[in-house]
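Asks: Okay, here's the prediction I keep looking at, along with the sequence it came from:
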Amino acid sequence: MGNSILIVEDEEKISRFLELELKHEGYLVDKAANGRDGLEKAMTGKFDLMVLDVMLPELNGFEVLRRIRKSENQVIGMMPIIMLTARDAVMDKVAGLDGGADDYMTKPFAIEELLARIRLALKKREVSSAKEKSSIIECKGLTMDLKRYEVRYNGDTIELTHREFEILKVLLENKNIVVTRDTLLEKACGYDYMGETNVIDVYVRYLRSKLDDVYNVKWIQTVRGVGYVIKEDN
């Protein structure tokens, strides 16, 4: 199944032309004729790319772009957006690109060029998504973003110390595998750390007080005499 593209364009002839050409190329296509409807459809998260006109009724393209880029949903917020405009003023292009547009085309345009730019934007998205996924670990709604050094659950950002973060990281990277206290000590505290392994128990208690106790979800389980494990299934 092809990628899904949303066209937000109030000129019916252009919108219909783009729809036919994109469908011919194998894309799934939906349309909106004003900015408010376009934004509402975009926020469903169903689309891989948006072709967005600047001059739109109800909400202009710059405002639609701004609201999408502010979305807390990463899939929606990072959706590739190619902007279309009848105006070729440099400041309009700068405003679009600075606002987070991936590309900008001035009407009239050659459909072959637009199709090429769509292919490029989708390819960049695939590469970016692969990198993003590799930096995010998830378990039972708890997400750890290794790039941002951030842990979130149910929309909340959970403040952790460096060592708490590192211990949780080791456990999440080894989901369903029991990790010994010695291993946690080495990987989270460093090979040259001279403390006792019971320091791990202390940090696990801290983690539970910030995670399990607050959200009533049992992430970290104790395996008596061995260490700890995070299981996905219970």
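Replies: Perfect, thanks for sending it.

Asks: Can you pull out the residues in contact with the worst-scoring helix or strand of the chain on mean pLDDT?
Replies: Ranked by mean pLDDT, DSSP states H and E, the weakest helix or strand in the chain is helix 90-98, scoring a mean of 74. Helix 90-98 has contacts (CB atoms under 8 Å, 6 or more residues apart in numbering) with 54, 61-62, 65, 83, 85, 104. For glycine as for every other residue, the C-beta is placed from the backbone atoms N, C-alpha and C.

Asks: Stretch 105-116: how far from the chain's middle?
Replies: Stretch 105-116 sits 28 Å away from the centroid of its parent chain (CA atoms, centre = their mean, to the nearest Å).

Asks: Show me which parts of the lengthiest helix in the chain are buried, residue by residue.
Replies: Using DSSP state H, we find that the single longest helix of the chain is helix 111-134. Residues of helix 111-134 classed as buried: 114-115, 117-118, 121-122, 125 (neighbour count, 16 or more other CB atoms under 10 Å).

Asks: Give me the buried positions along the very next helix or strand once past that helix.
Replies: For helix 111-134, the following helix or strand on the C-terminal side (DSSP states H and E) is strand 136-139. Using 16+ other CB under 10 Å as the test for burial, strand 136-139 gives 137, 139.

Asks: now for strand 136-139, which elements pack on it?
Replies: Contacts defined by 3 or more CB pairs under 8 Å, 6 or more residues apart in numbering; DSSP states H and E place strand 136-139 against strand 142-145, helix 162-173.

Asks: any idea how far the residue nearest in space to the middle of the chain lies from residue 66?
Replies: The centre of the chain sits closest to residue 74, judged by CA atoms, centre = their mean, with a distance of 2.5 Å. Residue 74 sits 17 Å away from residue 66, going by CB to CB, to the nearest Å.

Asks: circling back: out of the buried residues of helix 111-134, who's nearest residue 16?
Replies: Nearest to residue 16 out of these is residue 114 (CB to CB; 14.8 Å).

Asks: Hmm, that closest one is touching residue 106, no?
Replies: No - taking CB atoms under 8 Å as the definition, residue 114 is not a contact partner of residue 106, at 11.1 Å.

Asks: the helices in the protein, which residues?
Replies: Secondary structure of the chain by DSSP H: the helices cover 12-24, 35-42, 61-69, 74-77, 90-98, 111-134, 162-173, 181-189, 198-210, 212-215.

Asks: Could you tell me the angle between the direction of the third one and that of helix 35-42?
Replies: For the pair helix 61-69 and helix 35-42, the angle between their directions (axes from the mean of the first three to the mean of the last three CA atoms, to 10 degrees) equals 30 degrees.

Asks: hmm, who's touching helix 61-69?
Replies: 8, 35, 38-39, 42-43, 50, 52-56, 59, 76-77, 79, 81, 83, 85, 95-96, 99-101.

Asks: ok, residue 30 - how many residues close by?
Replies: Neighbour count for residue 30, taken as other CB atoms under 10 Å: 16.

Asks: how close does it get to residue 222?
Replies: Distance check for residue 30 against residue 222: by CB to CB, it reads 50 Å.

Asks: Over to residue 230?
Replies: Taking CB to CB, one finds residue 230 at 11 Å from residue 222.

Asks: Next: residue 60.
Replies: 56 Å.

Asks: Repeat that for residue 9.
Replies: With CB to CB as the criterion, residue 9 and residue 222 are 58 Å apart.

Asks: Also residue 122?
Replies: Shown here: residue 122 relative to residue 222, a distance of 46 Å by CB to CB.
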